[in-house]
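[1] Quick one, fold the following:
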Amino acid sequence: MNFLTRFFQLHDNKTNVRTEILAGITTFMTMAYILAVNPDILSSTGMDKGAVFTATVLASLVATLVMALYAKLPFALAPGMGLNAFFAFTVVLGMGHSWQFALTAVFLEGLIFIALTAFNIREMIVNSIPNNMKHAISVGIGLFIAFIGLKNAGIIVSSQATFVTLGDLTNPTDNPGAIVALLALVVTAVLLALRVKGALLIGILVGTVLGLPFGVTKLPESFDMTPPSLSPIFMKFEWTQIFSFDMLVVVFTFLFVDMFDTVGTLIGVSSKANMLDAEGRVPRVKQALMADAIGTTAGAILGTSTVTTYVESAAGVSEGGRTGLTSLTVAVLFLLALFLSPIFLMIPGAATAPALILVGAMMMTPIKNIEFDDFTESIPVFLTIVMMPLAYSISEGILFGVLSYVILKLLTGKLKDISIVTAVLAILFLLKFMM
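    The predicted structure follows:
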């Protein structure tokens, strides 16, 4: 314990071993769904589902260990949602390329990110985002993950007439997940109000148990703990088209979405945890970005889509996680998940939804630090916040925020507020729109 306290500087960060471990467990429980979802999505391309499960676990383990031991920050990493859908449904099923082509694109993206991080280019981008925007990113992410929680539970459902609408909350037979989530939400909210330690984790466990009689929580059919082999997908690259235009477009898309999802998550969660320094910078951001780059490269070798920093890390931060011991705990749980997959995969989305919803509420607090009197600041802030949940993308929220910020400052003569890096970002965002 003394070694952990010294290595992770727990006293300096006003935390302790128990709090950090509990925070890590909470983060893992809120993001464990990726172990079921990612293999399901990528297997639609013809990839072996069991092998993708193993690749997902190992890629998450490697990236999160780098975050824990090198960056010493409380963030967890895994193959990103949205990025895996682009891999499967756009690159492979839409554009007609092989999954080996897509893995090659992910591998190239990872190598480029390692280079960009080594030369501090990604760090420059993070530090160039204006402070009001950084606070807005935290708020936008809060709304985004709350929306994810509501959607996962079936409380909010799609509608042809209104795009989204309220799900059926009165019939346990037709929508049992929503009932379970609402009950667990009440329990978790009360525990939070009473300041019970581990409230989010307790709420997840309560939701899992409540899901049994409703049929939401499915007991595993088999308890075979042997990890599936990686051999069907390990290092299966396709080099024949690396100089094609399609490869350029695919790599650029992976780069763009991963960069700004990660940047947004690091800034937003750090803002919520009051971890930003006096100049609004994320501590040890270069090391954090390197964890993302190494995870993506290793993930491609293992056989999975782009690895990114998970917004669900906010759940652990809300439980008091402040150091790499939180992410080290997540990494250990990923290792256990490799051999205990039937147990971890039984936790339903309805059980983790209350944690996401309530963390979303907690992430609203930085809004009080935003300057709303200056419209050249408040309008970009608003667009950043509103576009994240509505476009279902952290990176699109940042895109609209930065573009509107530069345009408004330019047209109102406030050129000194625009840094060179921010201007370059705006140009790149315009190019992304055009492509």
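
[2] Where does the prediction get shaky in the stretch 301-435 of the chain?
    Within the stretch 301-435 of the chain, the segments meeting pLDDT under 70 span 435.

[3] try it again with 90
    For the stretch 301-435 of the chain, applying pLDDT under 90 flags the ranges 311-312, 314-315, 318-319, 339-371, 388-389, 391-399, 402, 416-417, 419-435.

[4] For Ile156, give me its contacts.
    If you count contacts by Cβ atoms under 8 Å, 6 or more residues apart in numbering, Ile156 has them with Phe147, Leu150, Val164, Thr165, Leu166, Gly167. Bear in mind the C-beta positions are built from the backbone N, C-alpha and C, glycine included.

[5] Tell me which of those fall in strands.
    Counting by DSSP state E, the contacts of Ile156 place Val164, Thr165, Leu166 in strands.

[6] pLDDT averaged over the helix or strand containing Ala189, what's the number?
    Assigned by DSSP states H and E, Ala189 falls within helix 176-193. Across helix 176-193, the average pLDDT comes to 94.

[7] Please list all residues in contact with the closest residue in space to Gly321 that isn't next to it in sequence.
    Nearest residue to Gly321 in three dimensions, chain neighbours excluded: Ala23, at 2.9 Å (Cβ to Cβ, 6 or more residues apart in numbering). For Ala23, the contacting residues are Pro74, Gly316, Val317, Glu319, Gly320, Gly321, Thr326, Thr329, by Cβ under 8 Å, 6+ apart.

[8] ok so, going back, tell me the one among the contacts of Ile156 nearest to Leu10.
    Lowest distance from Leu10 to the contacts of Ile156 (Cβ to Cβ) belongs to Phe147, with 33.7 Å.

[9] Pretty sure Ala55 sits against Thr304.
    Yes: counting by Cβ atoms under 8 Å, Ala55 touches Thr304, with 4.2 Å between them.

[10] re the thing from before, report the buried residues of the helix holding Ala189.
    If you call a residue buried by 16 or more other Cβ atoms under 10 Å, then helix 176-193 has these buried ones: 176-185, 187-189, 191-192.

[11] do the same with stretch 371-390
    Neighbour-count burial for stretch 371-390, counted by 16+ other Cβ under 10 Å, picks out 376-390.

[12] Now tell me what touches it from outside.
    By Cβ under 8 Å, 6+ apart, the residues outside stretch 371-390 that reach it are 130, 132-133, 135-137, 139-141, 143-144, 146-147, 264, 370, 393-394, 396-402, 404-405, 408-409, 412, 414, 417.

[13] By neighbours, which of the contacts of Ile156 wins?
    Neighbour counts for the contacts of Ile156 (other Cβ atoms under 10 Å) peak at Leu150, which has 23 neighbours.

[14] about what we covered before: tabulate the contacts of Ile156 (TSV), appending distance to Met247 and pLDDT.
    Converted to TSV, the contacts of Ile156 look like this (distance: Cβ to Cβ, whole Å; pLDDT from 0 to 100):
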residue	distance to Met247	pLDDT
Phe147	33	89
Leu150	37	92
Val164	36	91
Thr165	40	93
Leu166	43	92
Gly167	41	90
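
[15] Could I get the full set of strands for the protein?
    For the chain, the strands defined by DSSP E cover 77-79, 156-159, 163-166, 307-309.

[16] So what are the sheet partners of the second one and their directions?
    Looking at strand 156-159 with DSSP bridges, its partner strands are strand 163-166 (antiparallel).

[17] Run through who's touching the partner strand.
    Outside strand 163-166, the residues within contact range by Cβ under 8 Å, 6+ apart are Ile155, Ile156, Val157, Ser158, Ser159.

[18] ok, now how distant is the residue nearest to Phe334 when sequence neighbours are not counted from Ala189?
    The shortest distance from Phe334 to any non-neighbouring residue, by Cβ to Cβ, 6+ apart, is to Leu61 (4.3 Å). Applying Cβ to Cβ, to the nearest Å, the value for Leu61 to Ala189 is 33 Å.

[19] What mean pLDDT does stretch 240-254 get?
    Mean pLDDT, stretch 240-254: 86.

[20] Please apply the same query to stretch 215-228.
    Stretch 215-228 shows a mean pLDDT of 83.

[21] For the stretch 301-435 of the chain, just list every one of the helices.
    In the stretch 301-435 of the chain, the helices defined using DSSP state H, counting those that start in this stretch lie at 313-318, 324-339, 341-344, 349-362, 375-391, 394-411, 420-434.

[22] Tabulate those (a markdown table), appending distance to Asn120.
    A markdown table is the format used below for these (distance: least, Cβ to Cβ, whole Å):
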| stretch | distance to Asn120 |
| --- | --- |
| helix 313-318 | 23 |
| helix 324-339 | 21 |
| helix 341-344 | 37 |
| helix 349-362 | 31 |
| helix 375-391 | 24 |
| helix 394-411 | 19 |
| helix 420-434 | 11 |
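
[23] Out of those helices, which is closest to Gln241?
    Closest of the helices of the stretch 301-435 of the chain to Gln241 is helix 420-434, at 22.1 Å (criterion: Cβ to Cβ).

[24] Could you give the bridge partners of the nearest residue to Ser159 once chain neighbours are set aside?
    Spatially, and ignoring its direct neighbours in sequence, Ser159 is nearest to Thr165 (4.0 Å; Cβ to Cβ, 6+ apart). The partner list for Thr165 in beta bridges (DSSP bridges) reads Val157.

[25] do you know how far Thr165 is from Ala361?
    Using Cβ to Cβ, Thr165 is found at 21 Å from Ala361.

[26] Then Arg281?
    Using Cβ to Cβ, Arg281 is found at 26 Å from Ala361.

[27] if you count what's nearby, which of these two comes out ahead?
    Just comparing Arg281 and Ala361: by other Cβ under 10 Å the higher neighbour count belongs to Arg281, 18 against 14.

[28] Not counting sequence-adjacent ones, nearest residue to the more buried one?
    That would be Asn127: by Cβ to Cβ, 6+ apart, it lies 5.2 Å from Arg281.

[29] neighbours around the one you found, how many?
    Under the neighbour criterion other Cβ under 10 Å, Asn127 is assigned a count of 17.

[30] Would you mind giving me the confidence score for it?
    76.

[31] so who does it touch?
    Residues counted as contacts of Asn127 (Cβ under 8 Å, 6+ apart) are Glu279, Arg281, Val285, Val421.

[32] List buried members of the residues you listed by neighbour count.
    Counted by 16+ other Cβ under 10 Å, the contacts of Asn127 give Arg281, Val285 as buried.

[33] would you turn the contacts of Asn127 into JSON lines with distance to Ser271?
    Formatted as JSON lines, those follow (distance: Cβ to Cβ, whole Å):
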{"residue": "Glu279", "distance to Ser271": "13"}
{"residue": "Arg281", "distance to Ser271": "11"}
{"residue": "Val285", "distance to Ser271": "13"}
{"residue": "Val421", "distance to Ser271": "19"}
